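Colleague: sequence? don't have it. structure:
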C-alpha cells in the first residue's frame, strides 16, 4: 500500500488495486482502489486521492462460483453416465471418463474433433446433427437414441439428453449431453421380445386349452386347443363375455365367482367346470385361474390354463364299473400325514395316521418319530431322509415301515418335504404318505394293470426335442433321453429324422418339420420314436417354429407326450371289459342288474335258464313288480333302494 501511494505521489497512478481494510469491529473488507495524484493550482502534486469499491461480497460469490464450477467439472468427469459436449461448430469440448471408457477414445483424442463426422455411424449422422442444431436453437432433446462407434469398431447404443450450453451473457456456446449406455438394455429387450414371441406361439399351440379375459370378463385369449375343444374359433370368441356365452346357466354363478376372485388377486387352482361346445356337447375342463397383471402391477385380467378331462372322467367311470371294490378302496383311502420338527419330534399326526398306527394324535405329539414309531432296521435310513429334508434336500416316494400300537408293521410310501416359516427358515419336515400294505397285496393280483399304471406315472413328464434349420438336434431333454435311451451328448448335432425315426416314417416326420420351418406349426402329430435298444415309443408331438430376434425361423421345437403306455392301457381295458362282459354272461351263477329306478339292466344266461325268461324279455322291465313274488316285493325293493344309497 505504501508503494502504491508513493507511486501516486510520484505521478504514477494505479488503477484497480486490491487491498483489505479492517473495520473497527475487526471484520475484514476487501476493497478495489484507484490511487490518483492530487495536484494544486500550479500543477504540483499535493497528495493522493483514492476511489474505492467494496468487493467483499463479490469476492465471496466469485469464490463460491469457482468452487461450484470445480465441483461440476469433477462431477462431469467422474460421472457414471457418459457426458459429451460440443461447441457451436460441432467440435468436442467435453468428453468425460465414462465416455472415454465406453468409446475407447481418451479425452485428448476427441477434444476439438467433429463429433458427428468422427464418432457417429453413417446412417445416424443426419439425425444426430439435426438434434445438435435444434439444441443450439433452444429446442432441447430428451431421450434421443443414437449409436456411437467405439475405437475398436464396436457399436454401442446411447440414450441422450441434448441441452443448450450458454455463456455468462446468455449466448449459446454449444451443447452438452448426458447419456446412458443402453446396449445391454437393447439386447435384453430383444431377448424379451423373443421370449414373448415364443411364449405366444407356445400358448397358441399348447396341448392344453388356454382362455383369457379382461377385467370386464370379455375373452382376450383363446388358443388353438380351446378352439378345437369348443368348436368356436378365436374370431368368434374375442371380445365376447366368457361366462354368458360359453358357460351353461347353472354353472355361470360359480365360474363367475372364481374369475372375480382371480380379478381380485385370489387365484384358483384345479377348478372344474363344464364347457359346452358349438354343437352342444359337454366337455369337462380342469382350470387354473391366474391373475394377469400389466407392467405397472395393476390387474388387467385373468388367464386360465385348462385340461380337458372329459375322456379321463369317462375312463375313470369305466374303471369304477369294472373294479368297484378296488375303486372304493382307492377313493376312501385318506393319506396319512406326519410332521416333525428339526429335532425329529412329531408336530403333525392326522386321522389317517392315527387310524393306521393305532396311536392317537395326543399320544404322538412331541415324541421322537424315528425312535418310537419306526422299526429298528429302518431307523437310520428314515433319520437320514428327515435330516436331508431339514437341509432342503427333499425325497419323493420313500418307503419305510411304521410300527402300530399293537406291534404290527405297515408299509408307508412317503414324500418328505421341507417345512419353512414365513422367513424361509426350515422349521421341520412334513410327509404325506400312502398306506401301500393292502395295495402291495392287490398289486400282486393285478400285476399287469399296476405295472402299466406305474410306467404311465413314471413317464408323465414331457419329452422335448429341438432341431435347427438343417434338421440337426439342438434340444434333447432328460425325458427324451429317458424315453429314447440316447443321452443328450449323443443326440446334439445329429440329424433327428435320419438317426432316430424309422425309415417308413421319415418322409412324414420330415414333412411336418419342414412345414414348421416354414412357419406352419403342427399340433398333435403322432409318430413312433425307436429307442436305442430297438423299442418303439409312440409320441404325440407339437411342432412349433422357433424364431430368432429378427423374426426369422431358426429351427423347430417340439413338446411331446409319450402315449405308448396310454395306448397299451386302453387296449388292456378293452380286453378286461370284454372278458368281464363274457364272464358275466357265461357265469354258472345267475347275475341280475337293475338301474336306480329298479329296471333290469343285467340278466345273464344262467338267470335266463333258471327263470325261463330270456334276456330280451327282461331288459328294461321292473324287477320287483314283474319277477318277485308278492310277499317278498317290499323286502327286495328295500334292499335295492339301500344298495342304490350305497348301503
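Modeller: Received the coordinates, thanks. Small disclaimer: the values here were computed from a predicted structure and weren't measured.
Colleague: and residue 588, backbone torsions?
Modeller: Torsion angles at residue 588 (phi, psi; degrees, to the nearest 10) stand at phi -80, psi -10.
Colleague: Next one: it from residue 602, what distance?
Modeller: Between residue 588 and residue 602 the computed distance is 15 Å (C-beta to C-beta, to the nearest Å). The C-beta positions use only the backbone N, C-alpha and C, and glycine is treated the same way.
Colleague: Between these two, tell me which one has more neighbours.
Modeller: Higher neighbour count among residue 588 and residue 602: residue 602, with 15 against 8, using other C-beta atoms under 10 Å.
Colleague: Quick check: the more buried one vs residue 614, distance?
Modeller: When distances are taken as C-beta to C-beta, residue 602 and residue 614 turn out to be 13 Å apart.
Colleague: in which helix or strand would I find the residue nearest in space to the middle of the chain?
Modeller: Taking C-alpha atoms, centre = their mean as the criterion, residue 199 is the residue nearest the geometric centre of the chain, at 10.0 Å. Residue 199 is part of helix 183-205, with elements assigned from DSSP states H and E.
Colleague: what does residue 489 give?
Modeller: When secondary structure is defined by DSSP H and E, residue 489 falls within helix 488-491.
Colleague: what do you get for residue 523?
Modeller: Taking DSSP H and E as the definition, one finds residue 523 inside strand 522-530.
Colleague: could you point out which element follows that strand?
Modeller: Beyond strand 522-530 on the C-terminal side, the first helix or strand identified by DSSP H and E is strand 536-547.
Colleague: And the helix holding residue 489, how far out from the chain middle?
Modeller: 27 Å (C-alpha atoms, centre = their mean, to the nearest Å).
Colleague: Give the buried residues for that helix.
Modeller: Neighbour counts using 16 or more other C-beta atoms under 10 Å place residue 491 of helix 488-491 among the buried residues.
Colleague: which helices and strands sit right next to that helix?
Modeller: With contacts defined as 3 or more C-beta pairs under 8 Å, 6 or more residues apart in numbering; DSSP states H and E, helix 488-491 has these neighbours: strand 473-476, helix 478-484.
Colleague: Can you give the contact residues for the last one?
Modeller: Residues from elsewhere that reach helix 478-484 (C-beta atoms under 8 Å, 6 or more residues apart in numbering): 459, 461-465, 487-488, 491, 500, 529, 531-532, 537, 539, 560, 562.
Colleague: Same question for the first one.
Modeller: With contacts defined as C-beta under 8 Å, 6+ apart, strand 473-476 is touched by 464-468, 486, 488, 491-496, 499, 555, 557.
Colleague: List the buried residues in that strand.
Modeller: Of the residues in strand 473-476, those buried under the neighbour-count criterion (16+ other C-beta under 10 Å) are 473-476.
Colleague: Chain neighbours aside, what residue packs nearest to residue 477?
Modeller: In space, residue 477 comes closest to residue 464 once its chain neighbours are excluded; the distance is 4.4 Å by C-beta to C-beta, 6 or more residues apart in numbering.
Colleague: And the pLDDT for that neighbour?
Modeller: Residue-level confidence at residue 464 comes out at 89, pLDDT.
Colleague: How about the one 3 residues further on?
Modeller: pLDDT recorded at residue 467 is 92.
Colleague: and it, what is it in contact with?
Modeller: By C-beta under 8 Å, 6+ apart, residue 467 lies in contact with 473-475, 496, 513, 555-556.
Colleague: make it 10 Å
Modeller: 473-475, 494-497, 513, 516-517, 543, 546, 554-558 (C-beta atoms under 10 Å, 6 or more residues apart in numbering).
Colleague: Give me the secondary structure label for it.
Modeller: strand (DSSP: H, G, I helix; E, B strand; the rest coil).
Colleague: Quick check: it vs residue 557, distance?
Modeller: Counting by C-beta to C-beta, the gap from residue 467 to residue 557 is 8 Å.
Colleague: any residues in contact with both of these two?
Modeller: Once C-beta under 10 Å, 6+ apart is applied, the residues that residue 467 and residue 557 both contact turn out to be 474-475, 516, 543, 546.
Colleague: just the residues you listed now: which is nearest residue 160?
Modeller: Minimum distance to residue 160 across the shared contacts of residue 467 and residue 557 is 35.6 Å, recorded for residue 546 (C-beta to C-beta).
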